[in-house]
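K.L.:
predicted model, plus sequence, below.
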Amino acid sequence: MKTKKIITLIVLFVAINCFSQEKQYPAPGKLVDIGGYNIHLIVQGEDTSGPTVVFFHGAGDIALIWNLVLPKVGSFATAVAIDHAGEGWSDHGYGMSLDQQVFDSHQALKMAGLKPPYIVVGHSLGGILANLFASEYKDDVSGVVLVDATHPDIVLKIYNKSAKKMEWKKMRLTANDTIPEVKKTPLSSIPEVKSFQPKRDFGDMLNKFSESDKKLFHWIYNERPWTYVKGQGNTYEAEIFQRMYSNYDNYNLGDIPLIVISADNKDNPEGDDNWSTDELIEHSQNLQKLLLGLSSNSTHIVASNSGHYIHVDEPDVIVDAIKILLKEK
């Protein structure tokens, strides 16, 4: 009984501490209820007459990572960055499946009164979300920008359980699960969350951000416990990558204007027995070119001074790409 009481007190302390921190660092954007759970949107330029430009962050990032781009785009359009479910200030909702994230994002935009047409911008894994969003809601999308985006045939370093070592492998080939159907009904009960304490060293990555943004990044990644729902942390990336690869025509954007922005100043990845460094680089470059085939109206831009985070290294490259799409309207 004493052990149970101690555990209860610890849980209560963590909850109180988290609540106190939430008051100290409230969501910098707006929390939109999409049916029993909130999705966090950072919005700039809501009073402009321009279209709505929607930004999807990559894996492990939060909406705040777009804050060097949002104010600039907000000067001529409505710019919206989304915290995906369970990340940043967004609730967990129905889980992190990429399909569910696309539906949740569309619902959040609708509930917030942010009307189409949308220009969707996706970085890294967010590029997959942008592709899925534009495919699912084609009538709502007037343009797409892929920022050093993930391709379904991507090679990643994955743990080989039988060999008990990390290997470079096409992620889609690890698919072994069934993708859950998207849930579109209101959430009837708040899921029980567990937590852990992350630690992230940003190095000099945040140098260009404001002091207030730096504090929010540090709080999210190094002070506030990250929460998760047991059994709901799967994004079903491998399965969705395999589905997209096998049915590539289903994700074609027709003649929707598409700009693919590729980084040209990345550190060389290490190779192994499966894939050498040169093979990995060549494969990655080829995938960026293959993304151009998603639309019959596509343009390729190379960000020569950027690593993977083009929106941090050269935010104006993305801003200018969005301006190009606006001229095509």
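P.N.:
Cool, got the structure. Residues are numbered from 1 along each chain as shown.

K.L.:
what residues sit buried inside stretch 194-210?
P.N.:
Across stretch 194-210, burial judged by 16 or more other C-beta atoms under 10 Å covers Leu206, Phe209. The C-beta positions use only the backbone N, C-alpha and C, and glycine is treated the same way.

K.L.:
roughly how far is that stretch from the heart of the chain?
P.N.:
What separates the centre of stretch 194-210 from the centre of its chain is 16 Å, taken as C-alpha atoms, centre = their mean, to the nearest Å.

K.L.:
can you check stretch 27-47 too?
P.N.:
In terms of C-alpha atoms, centre = their mean, the centre of stretch 27-47 is set 16 Å apart from its chain centre.

K.L.:
so what touches that stretch?
P.N.:
Residues outside stretch 27-47 that contact it (C-beta atoms under 8 Å, 6 or more residues apart in numbering): 63-64, 66-67, 70-71, 73-83, 85, 88-94, 104-105, 107-109, 111-112, 114, 185-188, 190, 216.

K.L.:
swap the cut-off to 6 Å and go again
P.N.:
Here stretch 27-47 makes contact (C-beta atoms under 6 Å, 6 or more residues apart in numbering) with 63, 70-71, 74, 77-83, 88-91, 93, 104, 107-108, 111-112, 186-187.

K.L.:
for stretch 304-321, same thing?
P.N.:
Contacts of stretch 304-321 (C-beta under 6 Å, 6+ apart): 68-69, 72-73, 145, 147-148, 259, 261, 263-266, 303.

K.L.:
looking at those residues, which are in helices?
P.N.:
Residues of these located in helices (DSSP state H): Lys72, Val73.

K.L.:
of the contacts of stretch 304-321, buried ones?
P.N.:
By 16+ other C-beta under 10 Å, those give Leu68, Val69, Lys72, Val73, Val145, Val147, Asp148, Ile259, Ile261, Ala263, Ala303 as buried.

K.L.:
from Ala81, how far out is the fourth one?
P.N.:
What it means is Val73. Taking C-beta to C-beta, to the nearest Å as the measure, Val73 falls 10 Å from Ala81.

K.L.:
so where is this protein shaky, pLDDT-wise?
P.N.:
Along the chain, the model assigns pLDDT under 70 to residues 1-23, 329.

K.L.:
tell me the contacts of the most centrally placed residue in the chain?
P.N.:
Nearest to the geometric centre of the chain sits His57, at 2.9 Å (C-alpha atoms, centre = their mean). Shown in contact with His57 (C-beta under 6 Å, 6+ apart): Ala63, Ile65, Gly126.

K.L.:
cutoff 8 Å now
P.N.:
Taking C-beta under 8 Å, 6+ apart as the test, what His57 contacts is Ala63, Ile65, Trp66, Ala81, Ile82, Asp83, His84, Glu87, His123, Gly126.

K.L.:
and which of those residues is nearest to Ile220?
P.N.:
Glu87 (8.9 Å; C-beta to C-beta).

K.L.:
count the residues that sit near Arg172.
P.N.:
Arg172 has 21 neighbours, counted by other C-beta atoms under 10 Å.

K.L.:
that one: what secondary structure?
P.N.:
helix (DSSP: H, G, I helix; E, B strand; the rest coil).

K.L.:
for Leu146, give its distance to Tyr309.
P.N.:
Using C-beta to C-beta, one gets 14 Å for the distance from Leu146 to Tyr309.

K.L.:
which of the two has more residues huddled nearby?
P.N.:
Leu146 (29 against 20).

K.L.:
skipping adjacent residues, who's closest to the more buried one in space?
P.N.:
Gly127 (4.5 Å; C-beta to C-beta, 6 or more residues apart in numbering).

K.L.:
in what helix or strand does that neighbour lie?
P.N.:
helix 125-136 (DSSP states H and E).

K.L.:
ok, now His300?
P.N.:
strand 298-303.

K.L.:
picking that back up, neighbour count, distance to Glu270 and secondary structure added to the contacts of His57, as a markdown table?
P.N.:
Output for these, formatted as a markdown table (neighbours: other C-beta atoms under 10 Å; distance: C-beta to C-beta, whole Å; DSSP: H, G, I helix; E, B strand; the rest coil):
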| residue | neighbour count | distance to Glu270 | secondary structure |
| --- | --- | --- | --- |
| Ala63 | 26 | 31 | helix |
| Ile65 | 24 | 25 | helix |
| Trp66 | 28 | 29 | helix |
| Ala81 | 27 | 32 | strand |
| Ile82 | 28 | 33 | strand |
| Asp83 | 26 | 32 | coil |
| His84 | 28 | 29 | coil |
| Glu87 | 20 | 28 | coil |
| His123 | 30 | 23 | strand |
| Gly126 | 28 | 25 | helix |
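
K.L.:
any chance of those residues in TSV, plus distance to Val32?
P.N.:
Below are the contacts of His57 laid out as TSV (distance: C-beta to C-beta, whole Å):
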residue	distance to Val32
Ala63	12
Ile65	19
Trp66	17
Ala81	13
Ile82	10
Asp83	10
His84	13
Glu87	15
His123	22
Gly126	19
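
K.L.:
contacts only, for Ile179.
P.N.:
Counting by C-beta under 8 Å, 6+ apart, Ile179 touches Ser97, Asp99, Tyr236, Glu239, Ile240, Arg243.

K.L.:
the closest residue to Lys170 other than its chain neighbours: neighbour count?
P.N.:
Once flanking residues are discounted, Lys170 sits nearest to Val155: 5.4 Å by C-beta to C-beta, 6+ apart. For Val155, the count of nearby residues is 21 (other C-beta under 10 Å).
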